[in-house]
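Peer 1: sequence first, predicted coordinates after that:
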Amino acid sequence: MNNLKNTWRLLIAIPTFALISGIAMAQDSVYHVSRSMTTIPVDGKWDKPQWNEVAKVVLTNYMGEIPPFKPVTHAKMQYDADNLYLIFRVQDRYVSSLVQEPNGPVSRDACVEFFFSPDVHHPLHYFNLEINAGGTVLMRYNGVERKPFTDEDIAAFEVAHSLPKVVDPPINDPVTWTIECRIPLRILEKYGTVTPPSAGIAWRANFYKTASKSTNPHYITWSPVQHEVPNFHLPAYFGQLVFN
């Protein structure tokens with residue numbers, strides 16, 4: 001009965017929902033992911049030719065209190081037969097980055113995040129990728145069990161960051177920083193089911209920006225999330241990634 005009540009609450013909270021495998025899932029936010037015909041060098045350069053013609057998403061939805069300063073965050077994605085490619089650009093202030101250990105609490109720092117459900121049959125099973133401004137990665141799979149990635153598997157990701165590994169003291173003046181990464185699909189498949197990306201396939205996902213312990217704390221999303229307390233781990237509110 002509680003599960004039924006929760007489902008109806010989700011249906012009421014956002015007008016546009018669809019039932020996927022019997023689960024109410026948000027439908028408003030859609031991003032079309034381009035297929036890359038060439039290898040993308042992972043160097044953190046937002047303006048390089050491989051990204052110039054790729055559509056971007058903008059993160060505009062806040063959870064919790066609206067911060068005095070609003071970071072401007074954009075993200076782009078591409079894919080090929082073996083990898084996902086992801087780049088973020090953040091126009092920011094009050095930036096600090098202290099966490100250096102893999103799977104550490106990177107969301108305390110200036111941090112960008114990508115949560116995605118690549119199993120079309122189980123849209124509530126998802127990965128959460130979190131990367132602070134210094135390039136430190138947290139990666140977990142959330143299915144029947146929560147599985148943190150090993151340090152070895154995290155090291156298989158390519159990550160480029162425009163700021164130093166450690167940013168301390170904070171940069172309070174305006175600063176633009178980038179994070180770019182390559183995610184091998186073979187590593188994801190060690191932890192959960194992955195429906196291979198190809199033309200017409202749709203995954204569920206959300207993009208986030210946070211800095212929970214900064215002097216300008218904030219929680220920003222791409223696909224809107226209706227929840228009183230900031231919480232990114234709500235896959236029913238993921239938008240759609242449609243692969244081209």
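Peer 2: Structure's in. What do you need?

Peer 1: H218 contacts K70, correct?
Peer 2: Yes - under the criterion of CB atoms under 8 Å, H218 makes contact with K70 at 7.5 Å. In short, each C-beta sits where N, CA and C put it, glycine included.

Peer 1: these two: which has the busier surroundings?
Peer 2: Each of H218 and K70 has its neighbours counted (other CB atoms under 10 Å); H218 has more, 24 against 15.

Peer 1: how many neighbours does the closest residue to the more buried one other than its chain neighbours have?
Peer 2: Spatial nearest neighbour of H218, excluding adjacent residues (CB to CB, 6 or more residues apart in numbering): P67 at 4.2 Å. Residues contacting P67 under the criterion other CB under 10 Å number 18.

Peer 1: before we move on, what about the one 5 residues further on?
Peer 2: V72 has 14 neighbouring residues, counting by other CB under 10 Å.

Peer 1: ok, for it, nearest residue in space, not its chain neighbours?
Peer 2: Q91 is the one closest to V72 (CB to CB, 6+ apart), at 4.1 Å.

Peer 1: only alpha carbons, please: show the host helix or strand of that neighbour as CSV.
Peer 2: Here Q91 sits within strand 83-92, counting by DSSP states H and E. Output of strand 83-92 as CSV, limited to C-alpha atoms (Å, rounded to 0.1, in the frame of the first residue of the first chain):
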residue,chain,number,x,y,z
ASN,A,83,32.6,4.8,-24.4
LEU,A,84,30.5,7.6,-23.1
TYR,A,85,32.1,11.1,-23.3
LEU,A,86,31.0,13.8,-21.0
ILE,A,87,32.1,17.4,-20.5
PHE,A,88,30.9,20.1,-18.0
ARG,A,89,31.6,23.8,-18.0
VAL,A,90,30.9,25.8,-14.8
GLN,A,91,30.9,29.6,-14.5
ASP,A,92,31.4,29.8,-10.7
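
Peer 1: what residues of it count as buried?
Peer 2: Using 16 or more other CB atoms under 10 Å as the test for burial, strand 83-92 gives 83-90, 92.

Peer 1: which one among those gets closest to N103?
Peer 2: L86 (18.4 Å; CB to CB).

Peer 1: that closest one and E113 touch, don't they?
Peer 2: No - using CB under 8 Å, L86 is not in contact with E113; the gap is 10.6 Å.

Peer 1: right, I'll leave it there.
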